[in-house]
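In: any chance you can model this:
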Amino acid sequence: MEEEASAWAANFLVPQADLHRFIADFAGSPEEVKRFAAAQGVAPGIVVGQLQIRGILAYSCMNKLKDHYQWSDD
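Out: Sure, this is the predicted structure:
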C-alpha cells in the first residue's frame, strides 16, 4: 500500500514520462535540477528526492536543494 501511494505521489508531482526524459539527458548539475523543477512547477527538492529514490543521485547529493524544516517546542 505504501509503495502504491509513493508511486501515485511521484507521478502526481512530476509526470514520470517527463522525469524519464530528464534523466536520459541529466549530466548531474544542480542547475539542471532547478530548471527542470521550475518547468514542472515543483520545488527542486522534489526532483532531487525522485533522483535519489531511483539511484541517479546518492542520498548525500544535492540535499541543499531540499527545503528543511525544524520543529519548534513553542
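In: please enumerate the helices of this structure.
Out: According to DSSP state H, the chain carries its helices in the segments 2-13, 16-25, 30-40, 44-53.
In: and the ones you listed: which comes nearest Asp73?
Out: Nearest to Asp73, of all these, is helix 44-53, at 25.0 Å by Cβ to Cβ. To be clear about C-beta, it is placed using only N, CA and C from the backbone, and glycine gets the same treatment.
In: distance from the chain centre to the closest one, please.
Out: 2 Å (Cα atoms, centre = their mean, to the nearest Å).
In: can you dump the C-alpha atoms of it in CSV for me?
Out: The C-alpha trace of helix 44-53 is given here as CSV (Å, rounded to 0.1, in the frame of the first residue of the first chain):
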residue,chain,number,x,y,z
PRO,A,44,13.9,21.4,-6.7
GLY,A,45,14.0,19.2,-3.6
ILE,A,46,11.1,17.1,-5.1
VAL,A,47,13.2,16.4,-8.2
VAL,A,48,16.3,15.6,-6.0
GLY,A,49,14.2,13.2,-4.0
GLN,A,50,13.0,11.5,-7.1
LEU,A,51,16.5,11.2,-8.5
GLN,A,52,17.8,9.8,-5.1
ILE,A,53,15.0,7.2,-4.9
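In: so what's the closest residue to Phe36 other than its chain neighbours up against?
Out: Leaving aside its chain neighbours, Phe36 sits nearest to Phe22 (5.0 Å; criterion: Cβ to Cβ, 6 or more residues apart in numbering). Contacts for Phe22 (Cβ atoms under 8 Å, 6 or more residues apart in numbering) come out as Glu32, Phe36, Val47.
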